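A.B. asks: only geometry, no sequence info:
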C-alpha cells in the first residue's frame, strides 16, 4: 500500500508539473505572438523614403544626403538613396523603381525640372507623396517644394556687384543649366537688381549639368571679347572656382569681382584671401533636416505646420517651404560660416597668414 500511495503522489506531481509547463508554454507563445504583432506594427509604421539625387557633382549634395538620412533615421524612417550621375533617363528609372517598391515618399533633387514631370505624376497617382527638393519639378503637382529663395540669391549676387563696382562697367554672367528651374529664378533676381544700373552684361553662358570646367572655358572666351571686365557673377562656387582659375592664368585674380553661391570651402578661402567677393550661403543642414522631417510627416499623413506659402509649377500651386540665403563676405565669415559650424576656422584661413 505504501508503494501504491507513493506512486500516486508521484503521478499527481507529474500531472501538476505538466500542467504548469503547459501554462508557461501557452503564456510564452502569447508573449511571442504579442511581440511579433508589435514588430509587424512597428514595421508597418516605419516610413519608407526614396531619395534621388541627379548627381553629386556639386559639393553640397553629399553633405545634404548625410544630414537628410541621419535626420530621417532619428525619426524612425528608412531612406533609400539613389544617384543618377547626371543622367536624366537614369533618374527617371530610379524614380520608377521607387514607385514599384511602393515607398511612402519620394524626394527628388531634379537634374531636369521638366523631364521628370510625368514620372512624378505617376508616383502621385500611385498614392506616393512627392517632394521637390531645392529645385521645383515643373507641372508635377508635388506635395511639397522646399528650397531657398532663389530670386533673393540672384539679388544678393547683383547687389555685391553694385557695391564693389560703384563706377560701373562690364560684367559676365556664367550660370548653371537652364534645365534647373533655380537658374531662371536667380536670373530674375539679377536682372531685377541690375535694371537701370551702370553695370552691363556683355557676356553670358550656361554650364550644362553644372559641369564646372565649362566655366573655365567660358571665362577664357569672355576675356577674349572683353579683357576689361569688372565682375563675374557665377551660378555657384564650383563655377566660381573655374572662373578664378581662368582669371589667375590671365593675372586678373583679385582684380575682378567674383560672386558665387553655396558656401563651398574653396570659395570661403578665396573670400578671406580677397579673390572672391561673396557667396550666397544657404544652410544646407537646415534644408536637409527640415526636408527629412517634412518627408516623414507626409509619409505618416500628417500636416506640415511650417508650410505657409505656395509656388506655381506651371500647372499647380505647390506647398512651398521657403528658406532664406545669406550674403557671406570677409566681414561676416567668422559669424556665419565658422561660428555656425559649416567650416572650421583653420580650414577657411588655411592660406592666410
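C.D. replies: Alright, I've got the coordinates. Since we're looking at a predicted model, the values are computed, not measured.
A.B. asks: What distance do you get for the nearest residue to residue 270 once chain neighbours are set aside to residue 247?
C.D. replies: Nearest non-adjacent residue to residue 270, counting by Cβ to Cβ, 6 or more residues apart in numbering: residue 276, 3.7 Å away. Any C-beta I mention is one placed from the backbone N, CA and C, and that applies to glycine too. From residue 276 across to residue 247, the span is 10 Å (Cβ to Cβ, to the nearest Å).
A.B. asks: For these two, list the residues in contact with both.
C.D. replies: Shared contacts of residue 276 and residue 247, defined by Cβ atoms under 8 Å, 6 or more residues apart in numbering, are found at residue 258.
A.B. asks: contacting residues around residue 258?
C.D. replies: Contacts for residue 258 were tallied using Cβ under 8 Å, 6+ apart; they are 231, 232, 234, 240, 243, 244, 247, 270, 275, 276, 277.
A.B. asks: Now pLDDT too, for those residues, in JSON lines please.
C.D. replies: What follows is the contacts of residue 258, written out as JSON lines (pLDDT from 0 to 100):
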{"residue": "231", "pLDDT": "98"}
{"residue": "232", "pLDDT": "98"}
{"residue": "234", "pLDDT": "98"}
{"residue": "240", "pLDDT": "98"}
{"residue": "243", "pLDDT": "98"}
{"residue": "244", "pLDDT": "98"}
{"residue": "247", "pLDDT": "98"}
{"residue": "270", "pLDDT": "98"}
{"residue": "275", "pLDDT": "98"}
{"residue": "276", "pLDDT": "98"}
{"residue": "277", "pLDDT": "98"}
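A.B. asks: Give me the buried subset of those residues.
C.D. replies: Neighbour-count burial (16 or more other Cβ atoms under 10 Å) applied to the contacts of residue 258 gives 231, 232, 234, 240, 243, 244, 247, 270, 275, 276, 277.
A.B. asks: Widest-spaced pair of the residues you listed?
C.D. replies: 231 and 270 (14.3 Å; Cβ to Cβ).
A.B. asks: Inside strands: which ones of the contacts of residue 258?
C.D. replies: By the criterion of DSSP state E, membership of the contacts of residue 258 in strands covers 231, 232, 234.
A.B. asks: what number of residues lie near the closest residue in space to the second one that isn't next to it in sequence?
C.D. replies: The reference is to residue 232. Nearest residue to residue 232 in three dimensions, chain neighbours excluded: residue 172, at 4.5 Å (Cβ to Cβ, 6+ apart). Using other Cβ atoms under 10 Å, residue 172 is surrounded by 26 other residues.
A.B. asks: For the strand or helix carrying residue 172, the averaged confidence score.
C.D. replies: Using DSSP states H and E, residue 172 sits in strand 169-175. The pLDDT scores in strand 169-175 average 98.
A.B. asks: For it, which strands pair with it and how are they oriented?
C.D. replies: strand 199-206 (parallel), strand 231-234 (parallel) (DSSP bridges).
A.B. asks: Please name whichever of those strands is nearest to residue 85.
C.D. replies: strand 199-206 (20.2 Å).
A.B. asks: Quick one: mean pLDDT for the closest one?
C.D. replies: So the average pLDDT for strand 199-206 ends up being 98.
A.B. asks: Only the buried residues of it, if you could.
C.D. replies: 199, 203, 205, 206.
A.B. asks: What's the first helix or strand after it?
C.D. replies: Assignment by DSSP H and E places the next element after strand 199-206 at helix 213-225.
A.B. asks: what helices or strands is that next one leaning on?
C.D. replies: Here helix 213-225 is seen to pack against strand 169-175, strand 199-206, strand 231-234, helix 237-249 when contacts are counted using 3 or more Cβ pairs under 8 Å, 6 or more residues apart in numbering; DSSP states H and E.
A.B. asks: Give me the angle between the longest one and helix 213-225.
C.D. replies: Read that as helix 237-249. Comparing the axes of helix 237-249 and helix 213-225 via axes from the mean of the first three to the mean of the last three Cα atoms, to 10 degrees yields an angle of 40 degrees.
A.B. asks: Repeat that for the second one.
C.D. replies: In terms of direction (the same axes, to 10 degrees), strand 199-206 departs from helix 213-225 by 140 degrees.
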